[in-house]
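1. Quick one, what's the 3D model for this:
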Amino acid sequence: ESVHILEKLPWQEDPEDRKSYTRYMVVDPAGNKPWFIIWAAIDAANRVFIYREWPDESYGMWAEPSETPEGKPGQAQKPLGYGIDDYVEVMQEVEQNDEIFERLIDPRMSQAKTPSRDGATTLLTELEDAGYTFIPAPGIDIEDGIALINDRLSYDTTQPISSSNSPKLYISASCVNVIDAFKNYSGYSREESWKDPIDCIRYLLMS
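-> Numbering: from 1, shown residues only. Model prediction:
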């Protein structure tokens, strides 16, 4: 918590510095629960800052501990009955002046075909029709994605933090569900309750 979690993000110290970051938005969609979304900014040193999440803490926790390592769904996973237009409204409301360079999404669910009046459609097509272009993340193994996350988190803990010895992945203290996922994710099962925030970060780093 003293290294990877930031109470204040770098560009909050200097608002003019805000333009020097490349911003990404990543979605892990779902059918029977809300989508989990993160926003990340990357600087010239290739450091990743997770600076926003949705649902945020106002919706409750995404997952909770249980008798098993996988945990159980939290209050924030309760269905909201949202459709594409509702998620577009969420993006418009929270992004405001953010200039999003690229939007990434779960490669499997986003390209699954569903019946429609005109034949078949996909989530990618529906988002495109709503004015939002998403790119499916590479579909590599979960273990490879976790390795990328661990690589970004790592640094030499026996030496002082410096420009040459520091992690490449940071999280805003406001992203309580992402932080909670890092603390509790077990990787034991695809039914892991903390899986969605971790998936979003995997999609980002794999891309």
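2. How about stretch 188-198, which residues are buried there?
-> Of the residues in stretch 188-198, 192-198 count as buried by neighbour count, 16 or more other C-beta atoms under 10 Å. In short, each C-beta sits where N, CA and C put it, glycine included.
3. From those residues, pick the one nearest Leu169.
-> Of all the buried residues of stretch 188-198, Leu169 sits closest to Ile198, with 12.0 Å by C-beta to C-beta.
4. My reading is that the closest one lies in a helix. Confirm?
-> Yes. Assessed by DSSP: H, G, I helix; E, B strand; the rest coil, Ile198 belongs to a helix.
5. ok, it - contacts?
-> 146, 149, 181-182, 185 (C-beta atoms under 8 Å, 6 or more residues apart in numbering).
6. before we move on, the earlier item: in CSV: the buried residues of stretch 188-198, plus pLDDT and distance to Leu169.
-> What follows is the buried residues of stretch 188-198, written out as CSV (pLDDT from 0 to 100; distance: C-beta to C-beta, whole Å):
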residue, pLDDT, distance to Leu169
Glu192, 91, 20
Ser193, 95, 22
Trp194, 96, 17
Lys195, 95, 18
Asp196, 96, 17
Pro197, 97, 13
Ile198, 96, 12
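7. which among these gets closest to Lys33?
-> Relative to Lys33, the closest of the buried residues of stretch 188-198 is Asp196; by C-beta to C-beta it sits at 8.4 Å.
8. now the closest one, nearest residue through space, not along the chain?
-> Excluding its sequence neighbours, the residue lying closest to Asp196 (C-beta to C-beta, 6 or more residues apart in numbering) is Phe36, at 3.9 Å.
9. partners of the one you found in the sheet?
-> Note on Phe36: beta-bridge partners by DSSP bridges are Asp28.
10. For my notes, confirm Ala181 occurs in a strand.
-> No. The assignment for Ala181, made by three-state DSSP, is helix rather than a strand.
11. Run through the residues that contact it.
-> Applying C-beta under 8 Å, 6+ apart to Ala181 gives the contacts 62-63, 194-198.
12. Please report how far it lies from Arg190.
-> For Ala181, the distance to Arg190 equals 15 Å [C-beta to C-beta, to the nearest Å].
13. ok, back up a step: out of the contacts of Ile198, grab the one that's most surrounded.
-> Ala181 (26 neighbours; other C-beta atoms under 10 Å).
14. Check the gap between Gly187 and Ala76 for me.
-> 21 Å.
15. Actually, Gln92.
-> 20 Å.
16. Those two - which one has more neighbours?
-> Ala76 (24 against 11).
17. picking that back up, nearest to Glu53 among the buried residues of stretch 188-198?
-> Nearest to Glu53 among these: Pro197, at 7.1 Å, using C-beta to C-beta.
18. Skip the chain neighbours and tell me the closest residue to the closest one.
-> Distances taken as C-beta to C-beta, 6+ apart put Ala181 closest to Pro197, at 3.9 Å, once the chain neighbours are dropped.
19. Thank you kindly, that will do.
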